[in-house]
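Student: predicted model and sequence follow; I will ask about them next.
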Amino acid sequence: MKFTSIFLSLLLLTGCAGGGLSSVNENSFISGSGIATFVEKGQRKSAPILSGPTLTTGEITLNSNQVTVVNVWASWCAPCRAEAPVLQEFSINYPQVQFAGILTRDNLSSARAFYETFGLTFPTFIDDSLLVGFDGSLIPNAIPTTLIIDQEGKVAVRISGEVTVAGLKKMLDKVLAND
């Protein structure tokens, strides 16, 4: 088994002291610093097809030929709460980009309350096993993590930790410019 697979499994399964999806400790999670990693076009690896059940809209499959912003989040994560309004605003201001979330290590009732509190309109997948599909590219390595997938379906950017308006705009505009 590859090191990245082991790391991703540990992140998803044991990063919280409480473990599991229904019992989490807000003070015990792997947090990033908001550092963005940009991958040059020729070095990018394919993202998985993102398909499955969502928090509010049933089963969906994202368009793999469209620039996509994917945010990995949990309702108990303070940086996730801080960045939710930013992501929602970007989803409105960038209609040519599809936005989606992937819920991790959370319970559905808390996640739905988070979703409603922040007025999120983009879909959120509730099956965090989708994250394993990023093995071999830039894997989500913190909660939150935001990935930008280019129009060729390849992972172009990973922001580990809370996004900022300036940082997300810079990376998203760079990917949209087909860099």
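Tutor: Yep, that arrived.
Student: packing partners for the helix or strand encompassing Pro79?
Tutor: According to DSSP states H and E, Pro79 maps onto helix 78-93. Secondary-structure packing of helix 78-93 (3 or more CB pairs under 8 Å, 6 or more residues apart in numbering; DSSP states H and E): strand 68-73, strand 98-103, helix 108-117, helix 165-176. Heads up, the C-betas are built off the backbone N, CA and C, glycines and all.
Student: sheet partners, orientation included, of the second one?
Tutor: In the sheet containing strand 98-103, its partner strands are strand 68-73 (parallel), strand 124-125 (parallel), by DSSP bridges.
Student: which residues does the shortest one contact?
Tutor: With contacts defined as CB atoms under 8 Å, 6 or more residues apart in numbering, strand 124-125 is touched by 50, 52-56, 73, 100-103, 111, 115.
Student: filter these down to the buried ones.
Tutor: Of the members of those, the ones counted as buried by neighbours, 16 or more other CB atoms under 10 Å, are 50, 54-55, 73, 100-103, 111, 115.
Student: tabulate those (CSV), appending pLDDT and distance to Gln43.
Tutor: Formatted as CSV, these follow (pLDDT from 0 to 100; distance: CB to CB, whole Å):
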residue, pLDDT, distance to Gln43
Leu50, 97, 21
Thr54, 98, 31
Leu55, 96, 33
Trp73, 97, 27
Ala100, 98, 24
Gly101, 98, 26
Ile102, 98, 24
Leu103, 98, 29
Ala111, 98, 34
Tyr115, 96, 35
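Student: can you tell me which of those residues lies nearest to Lys174?
Tutor: The shortest approach to Lys174 among those belongs to Ala100, at 19.9 Å (CB to CB).
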